[in-house]
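**Student:** Fold the following, please.
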Amino acid sequence: MAPDTVSLRYFLVLAQELNFTRAAARIGIAQPALSARMRRLEAELGTALLVRNTRSVVLTTAGAALAESAPPALAALDRAWDTARSAAAGELGTLRIGYSLSTGAETAPALVDRLIRGNSGLEVGAVPMATPEISPAVADGRIDAGITRGEQPGRGVRRFLLRRARIGVQLAQHHPLAEHPEIEIADAAAYPLRLPDRAANPVIHDQLSALFRDTRPHPRFHTPAVSFDMSQRDLRDGVTLAPAGEAAATAQPAGLTWRPLRGAPSLTIHLVLPREQSPLHRRIRAVAKTLAHELHWLPD
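**Tutor:** As a prediction, the model looks like this:
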């Protein structure tokens with residue numbers, strides 16, 4: 001049986017001081033208690049570690065060997081305890097995140113960066129995924145967490161609101177409506193409206209199209225020929241508008257701008273985690289909650 005680590009640490013102090021009185025004072029215990037600890041340690045090992053007299057302490061051969069070999073062993077044990085505590089706190093492991101491409105301009109990078117910088121023991125990998133595939137992938141364990149635009153359906157997961165964003169429209173800077181700080185929904189409906197492909201994100205497609213349900217005449221909707229065309233060519237005609245969240249304003253190609261729609265509800269971005277959560281999942285949730293507060297992603 002290995003000796004208890006407390007007695008071993010006391011022994012190392014005594015091996016440095018070679019004096020029971022000084023060692024006991026340094027440790028912060030009574031001298032008789034230290035003497036009793038050393039006797040038990042010797043009994044456990046089955047050999048003498050110290051030669052005692054009234055004035056000094058001398059290490060035996062076994063005592064000298066233990067004083068030399070114990071420090072690295074205790075350091076390794078301390079590291080093992082730290083590793084176990086880090087794992088229990090969700091600060092250690094591999095984290096796989098899938099995110100909607102539309103969250104990749106700002107939200108997903110901010111969360112991934114915070115996870116990496118604040119948790120050196122985490123190996124984080126994030127990949128864009130088709131939005132309808134994220135919740136099922138979290139539920140069956142293919143990924144550990146997801147970031148979706150809109151509250152996506154799916155079983156076996158829990159969704160946490162991460163961000164609210166105003167709805168507006170992207171448009172060319174020379175578009176007639178660009179001179180307004182806010183645009184009325186009815187005014188926007190008078191122009192061709194580009195919506196994301198419904199197959200890519202049915203929830204958001206339906207939410208955006210519902211904004212114009214009561215406008216007359218009905219607006220002209222179309223979907224782009226190329227999904228996620230970063231150049232936004234179809235908006236440069238100075239006529240077409242693209243309903244989008246305010247995150248679009250932070251990643252605008254030259255010549256385009258974004259204006260909020262007056263009275264429109266907000267778009268939401270959600271963190272998706274499995275229903276049964278490990279310490280790692282709880283760590284993600286805590287980091288995301290702190291980040292959302294610091295960056296004012298959610299209203300107070």
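**Student:** how close does Tyr99 get to Asp237?
**Tutor:** Taking CB to CB, to the nearest Å as the criterion, Tyr99 is separated from Asp237 by 31 Å. For glycine as for every other residue, the C-beta is placed from the backbone atoms N, C-alpha and C.
**Student:** Between these two, point out the one with more neighbours.
**Tutor:** Neighbours were tallied for Tyr99 and for Asp237 using other CB atoms under 10 Å; the higher tally belongs to Tyr99 (27 against 10).
**Student:** Would you check that that one makes contact with Ala130?
**Tutor:** No. Judged on CB atoms under 8 Å, Tyr99 makes no contact with Ala130 at a distance of 10.9 Å.
**Student:** So Arg164, which state does it fall into?
**Tutor:** Taken by DSSP: H, G, I helix; E, B strand; the rest coil, the conformation at Arg164 corresponds to strand.
**Student:** So what's the residue count around it?
**Tutor:** 16.
**Student:** if I pick the nearest residue to it once chain neighbours are set aside, what's in contact with it?
**Tutor:** Spatial nearest neighbour of Arg164, chain neighbours left out: Ser266 (4.3 Å); criterion: CB to CB, 6 or more residues apart in numbering. Remark: with contacts taken as CB atoms under 8 Å, 6 or more residues apart in numbering, Ser266 is in contact with 164-167.
**Student:** please redo it, this time with the cut-off set to 10 Å
**Tutor:** Contacts here follow CB atoms under 10 Å, 6 or more residues apart in numbering; on that basis Ser266 touches 163-167, 207, 245-246, 299.
**Student:** ok, now Arg220?
**Tutor:** 189-194, 240.
**Student:** got CSV for the residues you listed, with distance to Ala288, neighbour count and secondary structure too?
**Tutor:** Rendered in CSV, the data for the contacts of Arg220 read as follows (distance: CB to CB, whole Å; neighbours: other CB atoms under 10 Å; DSSP: H, G, I helix; E, B strand; the rest coil):
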residue, distance to Ala288, neighbour count, secondary structure
Ala189, 36, 20, helix
Ala190, 39, 15, coil
Tyr191, 37, 19, coil
Pro192, 37, 14, coil
Leu193, 32, 20, strand
Arg194, 31, 22, strand
Thr240, 35, 22, coil
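**Student:** of all those, which two lie farthest apart?
**Tutor:** Taking CB to CB as the measure, the contacts of Arg220 span a maximum distance of 14.5 Å, between Ala190 and Arg194.
**Student:** Assign the residue nearest to Ala249 when sequence neighbours are not counted to helix, strand or coil.
**Tutor:** Beyond its immediate neighbours in the sequence, the residue positioned closest to Ala249 (CB to CB, 6+ apart) is Trp258, lying 4.0 Å away. Here Trp258 is recorded as strand under three-state DSSP.
**Student:** Surely Trp258 and Ala242 touch.
**Tutor:** Yes. Under the criterion of CB atoms under 10 Å, Trp258 lies in contact with Ala242, with a separation of 9.2 Å.
**Student:** Mutual contacts of those two, please.
**Tutor:** Each of 168-171, 248 lies in contact with both Trp258 and Ala242 under the rule CB under 10 Å, 6+ apart.
**Student:** Which two of these have the greatest separation?
**Tutor:** Of all pairs drawn from the shared contacts of Trp258 and Ala242, the widest gap by CB to CB lies between Leu171 and Ala248 and measures 10.5 Å.
**Student:** Next, count neighbours for Ala286.
**Tutor:** Residues within reach of Ala286, counting by other CB under 10 Å, total 12.
**Student:** Any buried residues in the helix or strand harbouring it, and which?
**Tutor:** Using DSSP states H and E, Ala286 sits within helix 279-294. Burial within helix 279-294, assessed by neighbour count using 16 or more other CB atoms under 10 Å, is assigned to 280-281, 283-285, 287-288, 291-292.
**Student:** same deal with stretch 65-73?
**Tutor:** 66-67, 70.
**Student:** residues making contact with it?
**Tutor:** 2-3, 5, 8-9, 11-12, 14-16, 41, 45, 47, 49, 59-60.
**Student:** Out of those residues, which end up buried?
**Tutor:** For these, burial is judged from neighbour counts taken by 16+ other CB under 10 Å, and it is met by 3, 8, 11, 14-15, 41, 49, 59.
**Student:** Sort out for me which of the residues you listed are in helices.
**Tutor:** Residues of the buried ones among the contacts of stretch 65-73 located in helices (DSSP state H): 8, 11, 14-15, 41.
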